[in-house]
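A.B. asks: This is a predicted model, with the sequence first.
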Amino acid sequence: MNYQVAKRILDIIVATILLICFLPFWIIVPILIFFDSGWPVFFSHTRVGQGGKSIKLYKFRSMVRDADEILHKKNRQLLAKFKKSDWKLENDPRITRLGKVLRALTIDEFPQLLNVIQGDMSMVGPRAYVEAELKEQTMRYPETRDYVRDILTVKPGITGPWQVSGRNDVPFVQRAKMDAQYARQKSLWTDIVILAKTPKAMISRW
């Protein structure tokens, strides 16, 4: 059995088990989001998948409803800060009260299990990057262009090498290097090791 087939089988088994184990979250979390900040309770965002294909990534909504509009159209200062700090904000004012908890425990990413079942994502892989981020960051850091080319040869993952090694504290260049190294040296054993490290990485954020 080759790696791709074995990885797909592992993805389906793990994603199915997690969907069943965390079934109560699919009932409780949407109710909590609704009472905290209203509809919608789910959020989808376009990301770059394997081969540069656009995919819809699913999440529980952890930000205010017009988060993208606030960032890109209503608050230039916030957008400048966002891009300057490697496309992330340490204290993002758009995150809701409940959203801070969901993100700290990575609960907001549970719906991505549906992406795994669909085949758009894998349980383990590089980050699912935003297209604009890749374009701007590779212009800012030309040395990452080769990294990005390798990253896009595999499916993005719910977890991956940088997620278990510092997560948002890892700067883009280092993150891209780690993701590219994973893409080049991918193996089923590496996937299993990363999956085993993920629960500890999730808890350490809390």
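C.D. replies: Looks like it came in fine.

A.B. asks: Counting neighbours, what do you get for residue 29?
C.D. replies: The number of residues packed near residue 29 is 21, by other Cβ atoms under 10 Å. The C-beta positions use only the backbone N, C-alpha and C, and glycine is treated the same way.

A.B. asks: Surely residue 87 is within a helix?
C.D. replies: No. Read with DSSP: H, G, I helix; E, B strand; the rest coil, residue 87 is coil and lies in no helix.

A.B. asks: how close does it get to residue 62?
C.D. replies: Using Cβ to Cβ, to the nearest Å, we find residue 87 at a distance of 16 Å from residue 62.

A.B. asks: Comparing those two, which residue is more hemmed in?
C.D. replies: Neighbour count, other Cβ under 10 Å: between residue 87 and residue 62, residue 62 has more, with 24 against 15.

A.B. asks: is it true that that one touches residue 108?
C.D. replies: Yes. Residue 62 is within contact range of residue 108, at 4.4 Å (criterion: Cβ atoms under 8 Å).

A.B. asks: And for residue 202, nearest residue in space, chain neighbours not counted?
C.D. replies: Closest residue in space to residue 202, ignoring its immediate chain neighbours: residue 106 at 4.7 Å, by Cβ to Cβ, 6 or more residues apart in numbering.

A.B. asks: hang on, isn't that neighbour packed against residue 203?
C.D. replies: No. Contact criterion Cβ under 8 Å: residue 106 and residue 203 do not qualify, at 9.5 Å.

A.B. asks: Now do the same contact list for residue 119.
C.D. replies: Taking Cβ atoms under 8 Å, 6 or more residues apart in numbering, we find residue 119 in contact with 8, 155.

A.B. asks: Apply 10 Å and report the result again.
C.D. replies: By Cβ atoms under 10 Å, 6 or more residues apart in numbering, the contact list for residue 119 reads 8, 11, 12, 49, 50, 55, 155.
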